[in-house]
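Asker: Any chance you could fold what I've pasted below:
(one chain, ligands or ions: 1)
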Amino acid sequence: MKVDGQPRRTIWPAESGRAVQVIDQRWLPHRLDIVSLDDLAGVVTAIRDMWVRGAPLIGVSAAYGLALQMQRDASDAALTAAVETLVSARPTAVNLAWAVRRLQRVLQPLPPAERPAKAWALAGELADEDAAVNEAIGRHGLPLLQDVAARRGGRVDVLTHCNAGWLATVDWGTALSPIYHAQAAGLDVHVWVDETRPRNQGASLTAWELGQQGVAHTVIADNAGGHLMQQGRVDLVIVGCDRVTARGDVCNKIGTYLKALAARDNGVPFYAAMPLSTLDLSLDDGLVDIPIEERSAREVSHLTGRDAEGRLVEVQLLPDGSAAANPAFDVTPARLVTGLITERGVVPTEERALRAIAA
Ligand SMILES: CSC[C@@H](O)[C@@H](O)C(=O)COP(=O)(O)O
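Answerer: Take a look at the predicted model:
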């Protein structure tokens, strides 16, 4: 997608072939910082501390992290240790383990001398594949928006939660890809952007990237979505996902479940955009089986933004001494999800359909 009119990805290999460059998302929308990561430890920090985030992007970042480690030490022991370190950097999004294990399966049988070049090539292929998959999700999601637009004289109001856009992937995004396709198709699309406390990925990232692409949008407090649905001002909800189980339970950013409940109560279709790399057919009951990341209480107790002089500052919201808890994801039961928009088409949240589309 575009930044200041120039096409960009969120991650790309340095020309040296010995580092990977990423947008450090901690400072958006205030500053566009590009950083170079040149070893495994740097990539793990970038994933854990959310310089890069979003299920598909952490998978691709981890693949580059493994490739960088192979350049330093391509032994069996280093490969196994790097895989375990990367997989444990963030627990909820299955794309991380999916990407790293995919590289491991190819690298393990190779002699160590061949591993660095192969790992680097595979990480690049994974990045290209992610961009293509997300483009396809947009193509398959577009008719859902076109149907609404046909009924409403061209206008579509979509509500989204967190950031499942270009910044959460290598390119295009998942939940936002149908929106970018709708814009290209000439639809009058407007997006309600949940701010997404506590880290505000909606307010800081989704709003920024929609603005860069010229898509009309309005940021709302997380609590406003239900009210807007009751008022008939939301045509459909599209969110991303971090892990989807065989029966179709959708794990995504904390607060997604409440939006699904409100959507069901108001007859608003609720879709999750899901690359097949996010489908975990080894799990069934999302409420029991999916590990939910608990992040630092500081993300709840403090906020970062610009002050009147334009400096980035962190401020404390809570009284001294108040405890804060920060579960980062929740699970929306399959029964509340209208469908999953995948790179192979839109599927219902039913085990048979999910197993068939993944085959
Ligand atoms: C295409 S991204 C899908 C999800 O990863 C996204 O909705 C989300 O929950 C991101 O969470 P984050 O904690 O910012 O990594």
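
Asker: Could you pull up the residues touching the closest residue in space to residue 52 that isn't next to it in sequence?
Answerer: Leaving aside its sequence neighbours, residue 52 sits nearest to residue 61 (C-beta to C-beta, 6 or more residues apart in numbering; 4.8 Å). In this view, the C-beta of every residue, glycine as well, is placed from N, C-alpha and C. By C-beta atoms under 8 Å, 6 or more residues apart in numbering, the contact list for residue 61 reads 11, 20, 22, 43, 46, 47, 52.

Asker: Okay, and residue 258 sits in which element?
Answerer: Assessed by DSSP states H and E, residue 258 sits inside helix 256-265.

Asker: cool, residue 207 as well?
Answerer: Counting by DSSP H and E, residue 207 is part of helix 207-213.

Asker: Identify the neighbouring strands of whatever helix or strand comes next after that helix in the sheet and state each direction.
Answerer: Where DSSP H and E defines the elements, the next helix or strand beyond helix 207-213 is strand 216-220. If you go by DSSP bridges, strand 216-220 pairs up with strand 188-194 (parallel).

Asker: Does the strand it pairs with reach the ligand?
Answerer: No - using C-beta under 6 Å from any ligand atom, strand 188-194 stays clear of the ligand, with a minimum separation of 10.6 Å.

Asker: in that strand, what's buried?
Answerer: Residues of strand 188-194 classed as buried by neighbour count (16 or more other C-beta atoms under 10 Å): 189, 190, 191, 192, 193, 194.

Asker: ok, now stretch 72-79?
Answerer: Buried, per 16+ other C-beta under 10 Å, within stretch 72-79: 74, 78, 79.

Asker: sorry, back to before: just checking, next helix/strand downstream of the helix or strand harbouring the residue nearest to residue 52?
Answerer: Element membership of residue 61, judged by DSSP H and E, is helix 55-72. Downstream of helix 55-72, the next assigned helix or strand under DSSP H and E is helix 76-87.

Asker: With just CA atoms, put the helix or strand following that following helix into CSV.
Answerer: Next along the chain after helix 76-87, taking DSSP H and E as the criterion, comes helix 94-107. Provided in CSV are the C-alpha atoms of helix 94-107 (Å, rounded to 0.1, in the frame of the first residue of the first chain):
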residue,chain,number,x,y,z
VAL,A,94,-0.8,-19.2,15.3
ASN,A,95,0.9,-17.6,12.2
LEU,A,96,4.1,-17.2,14.2
ALA,A,97,4.5,-21.0,14.8
TRP,A,98,3.1,-21.8,11.3
ALA,A,99,5.8,-19.7,9.6
VAL,A,100,8.7,-20.8,11.7
ARG,A,101,7.8,-24.5,11.5
ARG,A,102,7.4,-24.2,7.8
LEU,A,103,11.0,-23.1,7.4
GLN,A,104,12.2,-25.6,10.0
ARG,A,105,10.7,-28.5,8.0
VAL,A,106,12.6,-27.5,4.9
LEU,A,107,15.9,-26.5,6.7
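
Asker: How about the helix holding residue 207 and the ligand, touching?
Answerer: No - for a cut-off given as C-beta under 6 Å from any ligand atom, helix 207-213 has no contacts with the ligand; the smallest distance is 11.8 Å.

Asker: so what does that helix touch, helix or strand wise?
Answerer: With contacts taken as 3 or more C-beta pairs under 8 Å, 6 or more residues apart in numbering; DSSP states H and E, helix 207-213 sits against strand 2-3, helix 177-184, strand 188-194, strand 216-220.

Asker: can you do 7 Å?
Answerer: strand 2-3, strand 216-220 (3 or more C-beta pairs under 7 Å, 6 or more residues apart in numbering; DSSP states H and E).

Asker: Ranked by average pLDDT, which of those falls at the bottom?
Answerer: Ranked on mean pLDDT, the bottom entry among the helices and strands packed on helix 207-213 is strand 2-3, at a mean of 92.

Asker: what residues does the chain put near the ligand?
Answerer: 53-56, 93, 162, 164, 168-169, 174, 201, 240-242, 252-253, 328.

Asker: If we use 5 Å, what do you get?
Answerer: 53, 54, 55, 162, 164, 168, 174, 201, 240, 242, 252, 253 (C-beta under 5 Å from any ligand atom).

Asker: Which pLDDT does the model give the fifth one?
Answerer: Pointing back at residue 164 there. 98.

Asker: cool, and the last one?
Answerer: Per-residue confidence for residue 253 comes out at a pLDDT of 98.
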